[in-house]
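Enquirer: could you work out the structure for the sequence below:
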Amino acid sequence: MAKLVCTLEMSKERGVTITVVNADDGITQTLTMDGTTVTLVVKGESETSSWTQKAESIAISCKDFSVVASNSISCKAAKTATYASTDGDTTISSGANLVQEATRDVEVSGNNVKVAATTAASVKGTTAEVSGTQSLALKGAAEATLAGAKVSVTADGQLALSSSGMAELKGSITTIGGSLIKAG
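Expert: Numbering: from 1, shown residues only. Modelled structure (predicted):
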């Protein structure tokens, strides 16, 4: 085991500083308590991590950070909460259900956004809108159904309805109109 050099410095102006130097491994650990802030710094040959605690805040700075709990983790903020990865992927996973909710708006954005379900997918709202700025495709591999008390299909240009099998248009009252109608 490496020989450690341990120092304790006490000052009425600067507080208490405890330093442990491990010269063999190139690591210095420093704990400073100055009356307002507790600072813990671990400095290695290439990396440094720190914990800075004041009465109103705690700041942790390090290369890698992990939290492991045998039961649960709870994080709450009275105002705002932010989680960001500035230069890498972000993964959120759950071994059971994953629930995200907000009392106001929810926004998801990205270059390509995919939502996939292995069993069933549902989107529901008092009003719901699906739109594409260039195109929109709705497709069911076996069946597609569009239903409502009133259904309108409108095209600003050309409207084409076609079927490779049987096509049926019927209603209790059916109106077909246009300046030119071609049948057959």
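
Enquirer: break down this structure into its strands, ranges please.
Expert: 4-11, 15-22, 27-33, 38-43, 48-53, 58-61 (DSSP state E).

Enquirer: quick check: buried residues in stretch 19-30?
Expert: V21, T28, Q29, T30 (16 or more other CB atoms under 10 Å). Every residue, glycine included, has its C-beta placed from N, CA and C.

Enquirer: start and end of that stretch, how far apart?
Expert: 4 Å (CA to CA, to the nearest Å).

Enquirer: that one - what's its average pLDDT?
Expert: Average pLDDT, stretch 19-30: 97.

Enquirer: and for stretch 92-99?
Expert: On average, stretch 92-99 scores 92.

Enquirer: okay, now A141: neighbour count?
Expert: 5 (other CB atoms under 10 Å).

Enquirer: quick check, pLDDT for it.
Expert: pLDDT, read off for A141, is 88.

Enquirer: next: V38.
Expert: As predicted, V38 sits at a pLDDT of 98.

Enquirer: cool, and the one 4 residues further on?
Expert: Model confidence at V42, expressed as pLDDT, equals 98.

Enquirer: if I look at it, how far off is C62?
Expert: Separation of V42 from C62 (CB to CB, to the nearest Å) stands at 9 Å.

Enquirer: where exactly do the helices run in the chain?
Expert: According to DSSP state H, the chain carries no segments that qualify as helices.

Enquirer: what is the burial count for W51?
Expert: So W51, with other CB under 10 Å, has 15 neighbours.

Enquirer: to clarify, my last question referred to D89.
Expert: Neighbours of D89 under the rule other CB under 10 Å: 5.

Enquirer: where does this structure dip in pLDDT?
Expert: For the chain, no stretch has pLDDT under 70.

Enquirer: closest to E168 out of the buried residues of stretch 19-30?
Expert: When those are ranked by distance to E168 (CB to CB), Q29 comes first, at 80.2 Å.

Enquirer: surely that closest one meets V41?
Expert: Yes - contact criterion CB atoms under 8 Å: Q29 and V41 qualify, at 7.3 Å.

Enquirer: of V42 and C62, who's got more company?
Expert: V42 (16 against 12).

Enquirer: now the strands of the chain in a markdown table, with distance to T103?
Expert: As requested, the strands of the chain are exported to a markdown table (distance: least, CB to CB, whole Å):
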| stretch | distance to T103 |
| --- | --- |
| strand 4-11 | 50 |
| strand 15-22 | 44 |
| strand 27-33 | 41 |
| strand 38-43 | 36 |
| strand 48-53 | 32 |
| strand 58-61 | 28 |
